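> here is the input, now give the coordinates:
(chains A and B)
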Number of protein chains: 2
Amino acid sequence: MANDKKLVEEITPMAEDFAQWYTDVVKKAKLTEYSGVKGCMILLPNGYAIWEQIQKNLDGMFKETGVENVYLPLFIPESLLQKEKDHVEGFAPEVAWVTHGGAEELEERMCVRPTSETLFCDLYSRIVQSHRDLPKLYNQWCSVVRWEKTTRPFLRSKEFLWQEGHTIHATAEEAEERTVMMLNIYAEFCEKYLAIPVIKGQKTEKEKFAGANATYTIESMMHDGKSLQSGTSHNFGDGFAKAFNIQYTGKDNTLQHVHQTSWGMSTRIIGAIIMVHGDDSGLVLPPRIAPVQARIVPIAAQKGGVLEKCSEVLSALKDVVRIDMDTSDKSPGWKFAEQEIQGIPLRIELGPKDIEKGKAVVVRRDTREKIVVEIDRLNEELPVILEKMQEDMLQRAVEHRDSHTYEARDYEEFKDILENKPGFVKAMWCGSRECEEKIKEDTTATSRCIPFIQEKISDTCVCCNKPAAKMVYWGKAY
Amino acid sequence: MANDKKLVEEITPMAEDFAQWYTDVVKKAKLTEYSGVKGCMILLPNGYAIWEQIQKNLDGMFKETGVENVYLPLFIPESLLQKEKDHVEGFAPEVAWVTHGGAEELEERMCVRPTSETLFCDLYSRIVQSHRDLPKLYNQWCSVVRWEKTTRPFLRSKEFLWQEGHTIHATAEEAEERTVMMLNIYAEFCEKYLAIPVIKGQKTEKEKFAGANATYTIESMMHDGKSLQSGTSHNFGDGFAKAFNIQYTGKDNTLQHVHQTSWGMSTRIIGAIIMVHGDDSGLVLPPRIAPVQARIVPIAAQKGGVLEKCSEVLSALKDVVRIDMDTSDKSPGWKFAEQEIQGIPLRIELGPKDIEKGKAVVVRRDTREKIVVEIDRLNEELPVILEKMQEDMLQRAVEHRDSHTYEARDYEEFKDILENKPGFVKAMWCGSRECEEKIKEDTTATSRCIPFIQEKISDTCVCCNKPAAKMVYWGKAY
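Here you go, the predicted structure:
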């Protein structure tokens, strides 16, 4: 073994220190690297390849609903950012300001986009005249900047990658329909591709997006019981349209304001994949999103015929699954550990004895189950094993979430759960901001969402005992 | 016809005013829109979709050679930018500076990346130790900012999209091999996908990239005879490696500096597609890169059965070509004009009489040739027609370039050609910067490249009459 390589280092056990486990996994799976720019992360090939898979699949789902991709400028002139009052108040404290171009000071400073509502509004106000121009269903894949003080890979960084969809519609109904449609797409994407079950619901007034009438969210539960907001969809009504004067001539020849939505999912979701599925050996990637779904590890590769057979198997499977082969001069044990750390769903072990018997040992990353498969049947069996693994991962995530979701009828019970049992708490709420604030102060938990599927846990607000308006999911959050 | 729509407006004829023709085509094909941010353009769906096709195909070619995608920060701290002397001198005058994060002034100002050599060097210096870590073949797709004064859609803007590959290698030979390999990939991509023939060669010392040992370029000729630098590949030697201390332990256990390359292609290439293939009716997109390759236009769509048949044909062809259908309430003439302006390669006209005869009229955008095809054979014929069109477009571009490439043996002839005949001039050069500068002053033409395929036009420099060192392509450039 190479003498300039240390043995695969250990990852801090999850149960010992979840935050350190997360940092270790991100580092050892080679997903990101710290950069010389404080608070900005570098996405290494293993990390970026996951984002490429997310992009490809999510983008396909968007396009099926008529969404078109565009690209808008990185910069927002200060005067444009200020046009919508709530919006600028929400974002101005955390934007980066460009003041000079070359040696010259700019006449008007510009911020680096923290989100692009204002730019899309400015565009729409210029290209929309008639009801025939509606709807506009634009999306862009880009990076945005928010000047965060405390940062963690994927979860919070000064710059991150995301997609932001911005649509305008003739009617309030159409805008609402689109807002919910996109939330449903996020939910379907998380469950189908990422094996992450989500709770769909609405954010409270306190937690909604700056400038929105309503914010819908999908919330997922991490392995430590905390919640991660995994995608949001906003209905702006005609607030921005009025601020930016986006009007169209209706069929009845009167001038109308458009109704608007926006929705986004970011590289944060990679943090969710890690924290929902990972284990003490590292990352576990859901097969449908794994950039590499199977890795061939030759055993006793120096023996005649082994590498040739492995290469032959690799070629035969290339069109069936996303597959590679580890031909480095490391030991098989080292290669196994690396494949596990990186979360590659399947390992295919192929040595002289296996080849003699015409069989391969396939090892599932999630369960470590060893499955002996005839080499000639790998092309049929691998997709089946991957699908089964995908289903099992979703099932386990659902079970984990459900077994960590509690109900509270009074404030003592509520506080006790939040103190002692990591997870979600379902509890009734009167609808007041005061109760939300008191709960946050007492427990550090926040309202995650008012779920679309309502249940009646009790008659009164868990905090103030006044009549309850809604059932809410509460939890500590990333 | 809709009364709130004006007739399709005319495009300024190319022969009358090429620059205005270009602006008109970009606007009327709905590729870009001016933004509220001076000098930054908006890529509209028609424009961005072309970039998506470019990305998809070029990215595939990169990956086949082992390139991996990453994402590095948008910002470069001033101290990092300054580490390589030539590089900072080249870029500092045209960068945008971020000075504030939120309300706070930054301790060190940062520029928005104009290119990312410095960030990649900083990364490589931290992740490379051994010869086993080499080569690193990283690329990123992102936007960059250069504070240009005069801007034009695609050709020059303050922000543009591109890919930048940055590789490091153990030896100078490997780095040189990669530099040339990537230039060849750009050339192949341009010819195969964009139907744009290119001249491959090396930039002179005067024209090379800030900090590079050697810059290779592909130059293509626009319809007005001007040259457009369409992709560049740089060999940095170990200059950056020394400035950034990127070292590895070789097989002989000694410390060595890496050898480095970078290479990029940008949305500028969309400008080339427009100016090589466009005509007085608008854009003409090469079939292999066209986001929509064929559009069905129903004729007499109100007649029973027409729309149904068109939809049926659309469904049957969806897996064969990239196809859509214009079902708006505009007239067929208007739809034809729009399809032509947008450069969609094929139009499929389907009316009641066609349907009765079981035939469709297929119209090629480039030649306007009408081809009658049995509806049942469209799935076989369309790919053939598209391939033929692709070949013909390349052929015509080659002929245009060759018929506008001249040879000059003395300075009078040289100046005469550059004044009167738009195109390239092949002429000998002594190798001195003085002659390059004199030629630029006298003619506004620059050295486009020292082509890999050298010819001997004469014995002496076309400018100073001293002994010639190289044959150079000269021309006016975008």
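> the residue in the stretch 251-400 of chain A that chain B sits nearest to: what secondary structure?
Per Cβ to the nearest Cβ, residue A:328 is where the stretch 251-400 of chain A lies closest to chain B, at 8.0 Å. Yep, even glycine has a C-beta here, placed from its N, CA and C like the rest. Recorded secondary structure, residue A:328: coil (DSSP: H, G, I helix; E, B strand; the rest coil).
> what's the domain layout of chain A?
Domain assignment for chain A, taken from automatic domain parsing, gives A:18-277, A:294-385, A:406-475.
> comparing the ones you listed, which comes out most buried?
For the domains of chain A, the largest average neighbour count (mean count of other Cβ atoms under 10 Å in any protein chain shown) is found in domain A:18-277, namely a mean of 20.
> first to last residue in that one, what's the distance?
13 Å (Cα to Cα, to the nearest Å).
> poorly predicted segments of the stretch 51-200 of chain A, please.
Along the stretch 51-200 of chain A, no part satisfies pLDDT under 70.
> what ranges does it have for its helices?
Counting by DSSP state H, counting those that start in this stretch, the stretch 51-200 of chain A has helices at residues A:78-81, A:85-91, A:117-127, A:172-192.
> can you tell me which of these comes nearest to chain B?
Closest among the helices of the stretch 51-200 of chain A, once you apply Cβ to the nearest Cβ, is helix A:117-127, at 4.6 Å.
> packing partners for the closest one?
With contacts taken as 3 or more Cβ pairs under 8 Å, 6 or more residues apart in numbering or on different chains; DSSP states H and E, helix A:117-127 sits against helix A:78-81, strand A:136-145, strand A:159-169, helix A:239-244, strand A:259-266, strand B:32-34.
> apart from its neighbours in sequence, what residue is nearest residue A:123?
Nearest in space to residue A:123, with sequence neighbours left out and distances taken as Cβ to Cβ, 6 or more residues apart in numbering or on different chains, is residue B:42 at 5.9 Å.
> report the contact partners of the one you found.
Residue B:42 makes contact with A:70-73, A:123, B:32-35 under the criterion Cβ atoms under 8 Å, 6 or more residues apart in numbering or on different chains.
> can you tell me which of the residues you listed is nearest residue B:224?
Among the contacts of residue B:42, residue B:32 lies closest to residue B:224 (Cβ to Cβ), at 19.8 Å.
> against the centre of chain A, work out the most remote residue.
In chain A, the residue that sits farthest from the middle, by Cα atoms, centre = their mean, is residue A:304; the gap is 45.7 Å.
> near chain B, which residues of the stretch 201-350 of chain A show up?
Within the stretch 201-350 of chain A, the positions adjacent to chain B are A:249, A:328 by Cβ under 8 Å from any Cβ of the partner chain.
> can you give me the strands in the stretch 201-350 of chain A?
When assigned using DSSP state E, counting those that start in this stretch, the strands of the stretch 201-350 of chain A occupy the ranges A:214-221, A:227-237, A:247-249, A:255-257, A:259-266, A:294-298, A:323-325, A:346-350.
> can you redo those as JSON lines with mean pLDDT?
What follows is these, written out as JSON lines (pLDDT from 0 to 100):
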{"stretch": "strand A:214-221", "mean pLDDT": "98"}
{"stretch": "strand A:227-237", "mean pLDDT": "97"}
{"stretch": "strand A:247-249", "mean pLDDT": "98"}
{"stretch": "strand A:255-257", "mean pLDDT": "97"}
{"stretch": "strand A:259-266", "mean pLDDT": "98"}
{"stretch": "strand A:294-298", "mean pLDDT": "97"}
{"stretch": "strand A:323-325", "mean pLDDT": "97"}
{"stretch": "strand A:346-350", "mean pLDDT": "97"}
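> I'd like these as TSV, with distance to residue A:288 appended.
Output for these, formatted as TSV (distance: least, Cβ to Cβ, whole Å):
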stretch	distance to residue A:288
strand A:214-221	16
strand A:227-237	16
strand A:247-249	40
strand A:255-257	41
strand A:259-266	16
strand A:294-298	13
strand A:323-325	15
strand A:346-350	13
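> looking at those strands, spot the one closest to residue B:425.
Proximity to residue B:425 (Cβ to Cβ) singles out strand A:323-325 among the strands of the stretch 201-350 of chain A, at 49.6 Å.
> could I get the domains of chain A in a markdown table, plus columns for distance to residue B:416?
Below are those laid out as a markdown table (distance: least, Cβ to Cβ, whole Å):
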| stretch | distance to residue B:416 |
| --- | --- |
| domain A:18-277 | 38 |
| domain A:294-385 | 58 |
| domain A:406-475 | 75 |
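> quick one: closest of the ones you listed to residue B:59.
Per Cβ to Cβ, nearest to residue B:59 of these: domain A:18-277, 9.0 Å.
> distance from the closest one to the middle of the chain?
Computed by Cα atoms, centre = their mean, to the nearest Å, the separation of domain A:18-277 from the middle of its chain amounts to 12 Å.
> let's see the helix or strand encompassing residue A:435 as PDB, backbone CA atoms only.
Per DSSP states H and E, residue A:435 falls inside helix A:433-443. C-alpha atoms of helix A:433-443 as PDB (Å, rounded to 0.1, in the frame of the first residue of the first chain):
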ATOM      1  CA  ARG A 433     -47.300  35.700  16.600                       C
ATOM      2  CA  GLU A 434     -46.900  36.100  20.400                       C
ATOM      3  CA  CYS A 435     -47.300  32.400  21.000                       C
ATOM      4  CA  GLU A 436     -44.800  31.600  18.300                       C
ATOM      5  CA  GLU A 437     -42.300  34.000  19.900                       C
ATOM      6  CA  LYS A 438     -42.900  32.600  23.400                       C
ATOM      7  CA  ILE A 439     -42.500  29.000  22.100                       C
ATOM      8  CA  LYS A 440     -39.200  30.000  20.400                       C
ATOM      9  CA  GLU A 441     -37.900  31.700  23.500                       C
ATOM     10  CA  ASP A 442     -38.900  28.800  25.800                       C
ATOM     11  CA  THR A 443     -37.800  25.900  23.600                       C
END
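> need the contact partners of that helix.
A:204-206, A:414-415, A:418-419, A:429, A:445-447, A:461, A:463-464, A:474, A:476.
> just those residues now: which is nearest chain B?
Taking Cβ to the nearest Cβ as the measure, chain B lies nearest residue A:206 of the contacts of helix A:433-443, at 21.6 Å.
> does that closest one really touch residue A:432, like I thought?
No. Residue A:206 is beyond contact range of residue A:432, at 9.7 Å (criterion: Cβ atoms under 8 Å).
> any idea how far the residue lying closest to residue A:181 once chain neighbours are set aside lies from residue A:201?
Closest residue in space to residue A:181, ignoring its immediate chain neighbours: residue A:65 at 6.5 Å, by Cβ to Cβ, 6+ apart. Distance of residue A:65 to residue A:201, given as Cβ to Cβ, to the nearest Å: 21 Å.
> tell me where the model's unsure across the stretch 351-478 of chain A.
Residue ranges of the stretch 351-478 of chain A with pLDDT under 70: none are present.
> and the strands in it?
A:359-364, A:370-374, A:405-407, A:424-429, A:446-451, A:470-475.
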